[in-house]
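Enquirer: sequence and predicted structure below; questions after.
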Amino acid sequence: MTDINPTNLSAEDILDDADEQRARLDRAGDRWMADAEAKSFARDQGLRQAVRSDIQTGRDWARERAFLARTKIEDKPLKATAYALGVGVLIGLLLRR
C-alpha cells in the first residue's frame, strides 16, 4: 500500500516536485500556444479558400438533397401531396393562434 503522507520528505523535496510539475505544464502550454498560433496564421492565409470550399460543400449537399426529394415526390406524388397538405394545415393552425 502506498503511503499518502510520507514523513521522510523535506520542504525542498515538495517544492522541487511542484516546480518540476509547473515547468512541465508551462512547456506543454507553450507548445499548445505555438501550435494554435501556427494554425490561426495558416487559417488567416487560407480563410477565403476555406470559406469557398465550405460554400461549395454546402451547395453540393443541397443539390443532392433536392435531387433525392424530387425523386421521392415523383415516385409517390399522392403521398407527397398529402404530406404537403398536412404541413400546410399545421402551419395555418399555428399562425392563426
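Expert: Nice, I can see it.
Enquirer: got a pLDDT number for residue 13?
Expert: Looking at residue 13, its pLDDT reads 61.
Enquirer: with the one 10 residues further on instead?
Expert: You'll see residue 23 listed with a pLDDT of 79.
Enquirer: same thing with the one 5 residues further on?
Expert: We note a pLDDT of 84 for residue 28 in this prediction.
Enquirer: list the contacts of residue 34.
Expert: Contacts for residue 34 were tallied using Cβ atoms under 8 Å, 6 or more residues apart in numbering; there are none. Any C-beta I mention is one placed from the backbone N, CA and C, and that applies to glycine too.
Enquirer: and the most centrally placed residue in the chain, what helix or strand is that in?
Expert: Centrality entry for the chain: nearest residue to the mean C-alpha point is residue 54, 14.2 Å, by Cα atoms, centre = their mean. Under the criterion of DSSP states H and E, residue 54 resides in helix 47-75.
Enquirer: residue 36 versus the residue nearest to the centre of the chain, what's the distance?
Expert: Here the criterion is Cβ to Cβ, to the nearest Å. By it, residue 54 lies 21 Å from residue 36.
Enquirer: now do residue 83
Expert: From residue 83 over to residue 36 the distance is 48 Å, taken as Cβ to Cβ.
Enquirer: residue 80 reaches residue 72, doesn't it?
Expert: Yes - judged on Cβ atoms under 8 Å, residue 80 makes contact with residue 72 at a distance of 7.1 Å.
Enquirer: tell me how far residue 63 lies from residue 84.
Expert: Between residue 63 and residue 84 the computed distance is 21 Å (Cβ to Cβ).
Enquirer: I appreciate the help and will end here.
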